[in-house]
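Colleague: sequence unknown, structure follows:
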């Protein structure tokens, strides 16, 4: 599957263009500047993005995504070299051996030869990674072997865990709330059709197939979000095919859709400092942004797998509910002190999550025969081509939390601004036991470093 993709991206590359700010302030490789300066200090002068988009378009390039603070520009390698100094071409990531993953790399330093006075920097974008634990398609999952673990079925079990079933009965289902999910895609699964969900797919780049979810992650995450908030208008912004991913371009595309809620169950391969500026700008525009805390990843500057902890974004950790109803911090989930943003602790709050070794917790629909359908079948009791998998890390916890946030938005929480931890803390169930994969213990109290404020629920406090 990845060979045709490699050929495709050998003929078409993209770069990230960061406009020069009106104040002269530049984030560069220091995202911590967002702790001391408002995001408005990094906005370009009015009309700058329009001028750049027009210039690149007239040069034959395509502006694939744009926001107030950045553009993703695409074209043939020769044309990119003409405008930005060097081509960008696919390179296999040598550190990921389980599957073939590729990145775009520039042959040399990139700089805009068009309107250089308006451009702060040009970069090859980072790839992303999904936060997962290590025949005929059915609307209902197949019978599964008894593993002695509690497995949640969608949509009912997730809605009950969140307390959302009571809100659904009262007419609070997320109706009228616009949710964007940046993920690997959304396959037209019988499960989604059977429940009448309102969904659409927008590819981050035109070379990504909107009808396919080659990895299968996004289809699964969407089902969990929709279990909690079945009435939302969900737009899946497809960021990936099997071998390539473009999370920054997809995030920009999602922001341009002006959603109320933006769900991100992924991180980046190596640092992507400009992503933090895009997140801060989305929050400024009133979009509630959620990111998964990680399944062992952090934002340590030298790490290959980078979690995202932009201040103001809701970071979501993992809580496991055992067969007896006991809540514990998941030993699969990350918790950490941010290296990118000193003083920032992750997670802010938590959602449902499996445990080691495989996160065996939630039965998800997925694209039959996709990457994760094949991979997970080795240990979850499903077939490699049946369109179902069993898993759940902080990816699922984040999708669940995004559904809860959507219900809060419908109830009027926030009233048009981005929701904060303070808006949701009272609706979190305390979790006082357990230890995360990265070593934080709940310590008998909550809030704590392992799970933040605890397991987020949809039940209004009181």
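Modeller: Yep, it's here. Quick caveat, the model's predicted, so the values are computed rather than measured.

Colleague: residue ranges for the helices of the stretch 101-250 of the chain, please.
Modeller: 156-162, 164-169, 190-194, 217-228, 247-256 (DSSP state H, counting those that start in this stretch).

Colleague: most packed of the ones you listed?
Modeller: helix 217-228 (a mean of 30; mean count of other C-beta atoms under 10 Å). In short, each C-beta sits where N, CA and C put it, glycine included.

Colleague: Strands along the stretch 151-300 of the chain, start to end?
Modeller: In the stretch 151-300 of the chain, the strands defined using DSSP state E, counting those that start in this stretch lie at 152-153, 178-183, 198-203, 233-238, 261-264, 266-269, 288-292.

Colleague: Quick check: which of the ones you listed is nearest to residue 324?
Modeller: strand 152-153 (15.1 Å; C-beta to C-beta).

Colleague: What strands line up against that closest one, and which way round?
Modeller: strand 362-365 (parallel) (DSSP bridges).

Colleague: After the strand it pairs with, which helix or strand is next? Please name it.
Modeller: helix 371-376 (DSSP states H and E).

Colleague: Which strands and helices lie in contact with that following helix?
Modeller: When contacts are defined as 3 or more C-beta pairs under 8 Å, 6 or more residues apart in numbering; DSSP states H and E, helix 371-376 sits against strand 388-391.

Colleague: after the strand it packs on comes which helix or strand?
Modeller: The C-terminal neighbour of strand 388-391 among helices and strands, as given by DSSP H and E, is helix 394-410.

Colleague: can you give me the mean pLDDT across that following helix?
Modeller: Per-residue pLDDT values over helix 394-410 give a mean of 98.

Colleague: ok, and what's touching whichever helix or strand comes after that helix?
Modeller: From helix 394-410 onward toward the C-terminus, using DSSP H and E, the following helix or strand is helix 421-424. Outside helix 421-424, the residues that touch it by C-beta atoms under 8 Å, 6 or more residues apart in numbering are 314, 348-349, 404-405, 408, 413-414, 452-453, 456.

Colleague: how far out from the middle of the chain is helix 421-424?
Modeller: 20 Å (C-alpha atoms, centre = their mean, to the nearest Å).

Colleague: again, but for stretch 253-272
Modeller: 5 Å.

Colleague: Next, the buried residues of that stretch.
Modeller: Taking 16 or more other C-beta atoms under 10 Å as the neighbour-count basis, stretch 253-272 is seen to contain the buried residues 253-255, 259-269, 271-272.

Colleague: so where's the stretch 101-250 of the chain uncertain?
Modeller: Applying pLDDT under 70 to the stretch 101-250 of the chain picks out residues 131-149.

Colleague: now with 50?
Modeller: 134-136 (pLDDT under 50).

Colleague: so residue 14 touches residue 73, yeah?
Modeller: Yes: using C-beta atoms under 8 Å, residue 14 is in contact with residue 73, at 6.5 Å.

Colleague: which residues are common contacts for these two?
Modeller: residue 64.

Colleague: Can you check which of the helices of the stretch 101-250 of the chain gets nearest to residue 67?
Modeller: helix 247-256 (4.9 Å).

Colleague: contacts for the closest one?
Modeller: 14, 16, 64-67, 70-72, 125-128, 180-182, 202, 204-205, 235, 237-239, 262, 264, 266, 268, 272, 274-275, 278-279, 281-282, 285, 287.

Colleague: Mark which of these are buried, thanks.
Modeller: 14, 16, 64-67, 70-72, 125-128, 180-182, 202, 204-205, 235, 237-239, 262, 264, 266, 268, 272, 274-275, 278-279, 281-282, 287.

Colleague: Now do the same contact list for residue 152.
Modeller: Applying C-beta under 8 Å, 6+ apart to residue 152 gives the contacts 158, 161, 352, 361-363, 392.

Colleague: make that residue 98, sorry
Modeller: So residue 98 contacts residue 375 (C-beta under 8 Å, 6+ apart).

Colleague: Tell me which two of the contacts of residue 152 sit farthest apart.
Modeller: Longest span within these, C-beta to C-beta: 161 and 363, 13.6 Å.

Colleague: Check the offset of stretch 40-47 from the chain's centre.
Modeller: For stretch 40-47, the distance to the chain centre is 26 Å (C-alpha atoms, centre = their mean).

Colleague: how far does it stretch from start to finish?
Modeller: 15 Å (C-alpha to C-alpha, to the nearest Å).

Colleague: List the buried residues in it.
Modeller: Buried-residue list, stretch 40-47, by 16+ other C-beta under 10 Å: 41-44.

Colleague: Mind putting these into a markdown table with secondary structure and pLDDT?
Modeller: Output for these, formatted as a markdown table (DSSP: H, G, I helix; E, B strand; the rest coil; pLDDT from 0 to 100):
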| residue | secondary structure | pLDDT |
| --- | --- | --- |
| 41 | helix | 98 |
| 42 | helix | 97 |
| 43 | coil | 97 |
| 44 | coil | 98 |
